[in-house]
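# Show me the folded form of this:
(chains A and B)
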Amino acid sequence: MTENFYDRVNRTLSWKRVLTFNVGLFLVLIIPLSVNLAQEDTENRSGAAGEIDVPAVTPPPSYPVEAPRLDRVSMFFGKKGDTIVLIGNNFGDYQWGSSVYVGNVVAPADAVVRWSNSIIEVKIPETARSGKVWLSVNGRDASWDGNLLLYDEISSTKVGLNRISATEAQFVVDGATNYKNGLVELGYVSEPLNLTAGENITIESQTQGADALGKKMQIRFSVGNNNTAQRTIFSVSHPGIGAIDIVRAELYGESGNILPLFADPLSMKVLP
Amino acid sequence: MALVSYDAHASETGVDSSTKWSAIIKIASLFGFALVIGLILLIRNLGGGGVNQVTVTNNFGVIEFKVPYKNTLYENFGFVQEPKVTMPLKTLEGYIDTTFLLDSGAVVSTLPLQAAHDTGVDLARAKRITLQGFSGVPAFAYMDKIIIQIGGVDFEFPATFTESNSTTYILGRKGLFDDFTINFDHENRAITIKGKSTK
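The predicted structure follows:
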């Protein structure tokens, strides 16, 4: 006789077996379910969570014993109201009675964003013009070798670094035809830097140096036939370790006048 | 289709009803756990939309954008609820869904360099400012504007673009907090952004 289906189920499936099966199912499903639920709205991250601002208290003047030193001005170009950063040493921990001059004029107190012993952040004053940047700390001056170039995007010349490969970049000038010579300072990490002059360009000198932020090389060049609006001044090959960035650039006209320059921030630095 | 023999059919017709129901309950119990889990997931997806899903309503000129908190596991702090919202950012390629950290402590929205490239911002024209990092070394940033879609409506906010591609997309107070009421509801683990659909 054929056994009744329900009898067979009742006989085969004891409650103990049902419970055992469910426990097994639970163990099988719980791991992928837990992982899925945990990943749904969770991400992993390491690191610090925030910064606490401490109220500023200015102590009485205590100027550095050593004379101030101004290594770099970053960036070397800007518009009125843009912020530049002065990097060096012995500026004093606070401004106190010190002054900073930007584009030949003294920066008013409200233009100084931050003053520390090695870094000053200052806005380019409305009355500034292309020219020198220096500071006076307790009667002692420190001046930057370069010139801060004020620009407007329409009439100014654009410079920049083009990445050619992991180990090669080009310094290019776009939009100027009336310059006879110039200089570029490149910050770099790995040596050697090998330069190849562009068409009709003569590299006059290469001077290596270093400051608080690392190694740099100053390249002076002259231009023979100056009628191309867009030209490669030189190519630079390097070992491909660390970035190469433009620290400073200047172009001079026939009468020695300095041309207004700017660079797209995206082309100020090339990475390997 | 299952085939039932005449003998089986004949024997089933004479089965005791308590035996029949016991067998049915046992078969159902075999998958009881799976059914319970399935039911929970179904309810969670349908009923829990207010908390764990993004909802946008745009009624009578008022937009309400509700998003769940996101859990972030920090190495040193364990799980931390983070107010992250995903909104369409207007780029040169069209609107792209972008996840922002809603930061009531940030003065202005801050986006990485890539966003300037994507949105077509000319950094040479933008005003240059400095941002302070943890190391004390200032980093440059560029002030311009971004357009974000909330509830299908475009809103323009001031924003700064950093020089790094590794910074987080942050929505700060300027613009957003001026025009919207933002409620951080930690009990329901949800953020509600509510405001007028026209400025």
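
# worst-scoring helix or strand of the chain, pLDDT-wise?
With no chain named, the answer covers chain A. Every helix and strand in chain A was compared by mean pLDDT, DSSP states H and E; the lowest is strand A:42-45, with a mean of 57.

# ah, no, chain B please
helix B:49-52 (a mean of 45).

# helix or strand for residue A:16, which one?
Per DSSP states H and E, residue A:16 falls inside helix A:15-40.

# other SSEs contacting that helix?
On a contact count with 3 or more Cβ pairs under 8 Å, 6 or more residues apart in numbering or on different chains; DSSP states H and E, helix A:15-40 meets helix B:17-30, helix B:32-47. No exception for glycine: its C-beta is placed from N, CA and C like everyone else's.

# between the ones you listed, which gets nearest to residue A:254?
Closest approach to residue A:254 among these is made by helix B:32-47 (74.7 Å; Cβ to Cβ).

# can you pull the buried residues of the closest one?
Of all the residues in helix B:32-47, those buried under the rule 16 or more other Cβ atoms under 10 Å in any protein chain shown are residue B:33.

# before we move on, what about stretch B:184-196?
The neighbour-count check on stretch B:184-196 (16+ other Cβ under 10 Å) flags B:189, B:190, B:191, B:192, B:193, B:194, B:195 as buried.

# domains of chain B?
B:15-47, B:49-196 (automatic domain parsing).

# Point out the most buried one among these.
Most buried of the domains of chain B, by mean neighbour count (mean count of other Cβ atoms under 10 Å in any protein chain shown): domain B:49-196, with a mean of 17.

# Chain B contacts on the stretch 151-272 of chain A?
Proximity of the stretch 151-272 of chain A to chain B, by Cβ under 8 Å from any Cβ of the partner chain, involves residues A:153, A:158, A:262, A:263, A:264, A:265, A:266.

# Looking at those residues, state which has the most neighbours.
In terms of neighbour count, residue A:262 stands highest of those at 24 neighbours, by other Cβ atoms under 10 Å in any protein chain shown.

# Nearest spatial neighbour of that one, chain-adjacent residues omitted?
Distances taken as Cβ to Cβ, 6 or more residues apart in numbering or on different chains put residue A:151 closest to residue A:262, at 4.1 Å, once the chain neighbours are dropped.

# For chain A, tell me whether the strand ranked longest in chain B is touching it.
Counting by DSSP state E, the longest strand found in chain B is strand B:138-150. Yes: if you take Cβ under 8 Å from any Cβ as the test, strand B:138-150 does meet chain A, through B:138, B:140, B:142.

# Could you pick out the one among those residues with the lowest pLDDT?
The pLDDT minimum for the residues of strand B:138-150 next to chain A sits at residue B:138, where the score is 85.

# Would you agree residue A:221 is in contact with residue A:203?
Yes: the criterion here is Cβ atoms under 8 Å, and residue A:221 meets it with residue A:203 at 5.1 Å.

# These two: which is more packed in?
Each of residue A:221 and residue A:203 has its neighbours counted (other Cβ under 10 Å); residue A:221 has more, 21 against 15.

# pretty sure residue A:269 is touching residue A:244, no?
Yes: between residue A:269 and residue A:244 there is a contact under Cβ under 8 Å: 7.0 Å.

# list residues touching both of the two?
Residues touching both residue A:269 and residue A:244 (Cβ atoms under 8 Å, 6 or more residues apart in numbering or on different chains) are residue A:161.

# quick one, which of the two is more surrounded?
Remark: of residue A:269 and residue A:244, residue A:244 carries more neighbours, 23 against 17, as counted by other Cβ under 10 Å.

# Report the distance from the longest strand of chain B to the chain centre.
From the chain centre to the centre of strand B:138-150 is a distance of 22 Å (Cα atoms, centre = their mean, to the nearest Å).

# Could you name the helices and strands sitting against it?
Using 3+ Cβ pairs under 8 Å, 6+ apart, strand B:138-150 sits against strand A:83-89, strand B:84-91, strand B:109-111, helix B:113-119, strand B:127-132, strand B:153-162.

# one more time with 7 Å, if that's ok
The contact analysis (3 or more Cβ pairs under 7 Å, 6 or more residues apart in numbering or on different chains; DSSP states H and E) places strand B:138-150 against strand B:84-91, strand B:109-111, strand B:127-132, strand B:153-162.

# Rebuild those as TSV, extending it with mean pLDDT and distance to residue A:79.
Shown next, in TSV, are those (pLDDT from 0 to 100; distance: least, Cβ to Cβ, whole Å):
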stretch	mean pLDDT	distance to residue A:79
strand B:84-91	92	26
strand B:109-111	94	21
strand B:127-132	88	7
strand B:153-162	92	16
